[in-house]
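# pasting the sequence and the predicted coordinates here, then a few questions.
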Amino acid sequence: MNALTATSRNFKNAAKLLGLDSKLEKSLLIPFREIKVECTIPKDDGTLASFIGFRVQHDNARGPMKGGIRYHPEVDPDEVNALAQLMTWKTAVANVPYGGAKGGIGCTPGELSLSELERLTRVFTQKIHDLIGIYIDVPAPDMGTNPQTMAWILDEYSKFHGYSPAVVTGKPIDLGGSLGRETATGRGVLFATQALLEDYGKSISDQRFIIQGFGNVGSWAAQLISEVGGKVVAVSDVSGAVKNNKGLDITKLVRYSLENRGINGFDGGEALDPKSLLTEDCDVLVPAALGGVINRENANDIRAKFIIEAANHPTDPEADEILSKKGVVILPDILANSGGVTVSYFEWVQNIQGFLWDEEKVNSELKIYMTQGFKNVKEMCRTHNCDLRMGAFTLGVNRVARSTVLRGWEA
Ligand SMILES: NC(=O)C1=CN([C@@H]2O[C@H](COP(=O)(O)OP(=O)(O)OC[C@H]3O[C@@H](n4cnc5c(N)ncnc54)[C@H](OP(=O)(O)O)[C@@H]3O)[C@@H](O)[C@H]2O)C=CC1
Ligand SMILES: O=C(O)CCC(=O)C(=O)O
């Protein structure tokens, strides 16, 4: 199912549970602004290459719009729109004072040199600099982008507006990035998983995990889960998948993956077909890569009892129905991966205050936010007699709706 149709369906179901006014419902669904720009750069060999960049600014009722920028060949306007909408509900669930946005450029970062990536990022920033800003829209990294990408955006933006570290988060520490931001999404996944398992009388150390994706989110989630005794029995990335029923040595796997640009060939387990990873035997499945990977084609074959959505929209609504009938418990993306944007908020606050937090403060505050988020979602589940996804959506949508009404949306 198309990502936008899926996300909008979840939103509409939440609006129904909340009994939202139909005009307000429509207004909350339509994005505030959709930007599409053409970015042409000279390649290293002197030829020209053109790319399409997007930034969808979905909603700003609760504060400046916030969300990552993705570099991936499958970036398309509907997906960016869905991801921007998810950011609106996610920042509200996390209770950070932001709205939602997302951006992306349709490109294959692995096929571009570092200087080509820099030129592309600078041209994209030149095209959107007037529409982003510290109190307007604050980008961050997502798939295919990283602190270096944020450093280039910061530098290009600052040429037009003066030095502005708070215009992006997820920056390198030397440019005002926050300690703990690199690990934040994975650490948030750990805290959210701990809260969920505790609710079911279980602990991470009793559970066998499978993780799809071994980039920023997947590799940090794997490291932190295994540090507290969780057994990670299989992981995958684009290059391949590896399985070890006794538990993979994640420290060795991270080192191998950095040295070999992927996990393919790692000898601490047996190679696995990445397509079968999601349906392998485990207790907890953690999709941490692309959207839509759990769908009606494979939902019936999923053997995990818990799914922690570290990726954005990995499960489509048809799969949700199938999995719910099977009794699989899903911790939804807008709660499970909200650790990233929560520490982005801490970074923005530190930049505005000009005062640095130590890493212990960042991590302990993150735990407070994630645990509170889980409690608030559970409370909505009890109020509306619904599952965790609808608990999270009703929590987020209700907070955004209240701010919208207070600000006077009827003009
Ligand atoms: N970064 C953040 O702070 C946040 C990220 N997210 C979400 O988490 C997910 C991952 O993002 P992030 O870790 O930052 O991105 P990265 O680019 O750092 O990593 C993505 C990972 O997914 C792998 N991957 C891509 N396609 C597939 C596939 N078809 N099968 C298996 N693995 C695949 C990549 O493999 P390879 O390296 O081989 O290409 C890589 O290991 C995304 O959905 C993102 O939106 C959510 C909240 C915050
Ligand atoms: O850190 C941020 O601002 C946004 C992270 C993001 O893109 C996401 O949560 O999907």
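That came through, no problem. Residues are numbered from 1 along each chain as shown. Ligands and ions are numbered 1, 2, ... in the order given.
# residues contacting the residue of the stretch 51-200 of the chain found nearest ligand 2?
Evaluated by CB to the nearest ligand atom, the stretch 51-200 of the chain has Gly68 as its residue closest to ligand 2, separated by 2.6 Å. All C-beta spots, glycine's among them, are computed from the backbone N, C-alpha and C. Neighbour list for Gly68: 83, 102-103, 139-143, 145, 170, 340 [criterion: CB atoms under 8 Å, 6 or more residues apart in numbering].
# from the chain's centre, how far out does the longest strand belonging to the chain sit?
Ordering each strand of the chain by length in residues (DSSP state E) puts strand 48-59 first. Taking CA atoms, centre = their mean, to the nearest Å, the mean C-alpha location of strand 48-59 is offset from the chain mean by 18 Å.
# helices or strands up against it?
Counting contacts by 3 or more CB pairs under 8 Å, 6 or more residues apart in numbering; DSSP states H and E, strand 48-59 packs against strand 33-42, strand 65-72, helix 77-94, strand 100-106, helix 114-128, strand 137-141.
# as CSV, those with mean pLDDT would be great.
Listed next are the helices and strands packed on strand 48-59 as CSV, based on pLDDT from 0 to 100:
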stretch, mean pLDDT
strand 33-42, 98
strand 65-72, 98
helix 77-94, 98
strand 100-106, 98
helix 114-128, 98
strand 137-141, 98
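# export those to TSV and tack on distance to ligand 1?
Output for the helices and strands packed on strand 48-59, formatted as TSV (distance: least, CB to the nearest ligand atom, whole Å):
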stretch	distance to ligand 1
strand 33-42	19
strand 65-72	6
helix 77-94	7
strand 100-106	8
helix 114-128	13
strand 137-141	5
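# pipe the ones you listed into a markdown table and attach distance to Ile294 per row.
Output for those, formatted as a markdown table (distance: least, CB to CB, whole Å):
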| stretch | distance to Ile294 |
| --- | --- |
| strand 33-42 | 28 |
| strand 65-72 | 19 |
| helix 77-94 | 16 |
| strand 100-106 | 21 |
| helix 114-128 | 31 |
| strand 137-141 | 24 |
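# okay, strands next: where are they in the protein?
Remark: strands assigned in the chain by DSSP E are 33-42, 48-59, 65-72, 100-106, 137-141, 208-212, 231-237, 240-243, 270-272, 284-287, 306-308, 329-331.
# before we move on, back to that, for ligand 2, tell me which of the contacts of Gly68 show up nearby.
Among those, the residues that sit close to ligand 2 (CB under 6 Å from any ligand atom) are 140, 142, 170, 340.
# tell me what the residue nearest to Arg119 when sequence neighbours are not counted is bridged to.
Once flanking residues are discounted, Arg119 sits nearest to Ile41: 4.2 Å by CB to CB, 6 or more residues apart in numbering. Judged by DSSP bridges, the bridge partners of Ile41 are Ala49.
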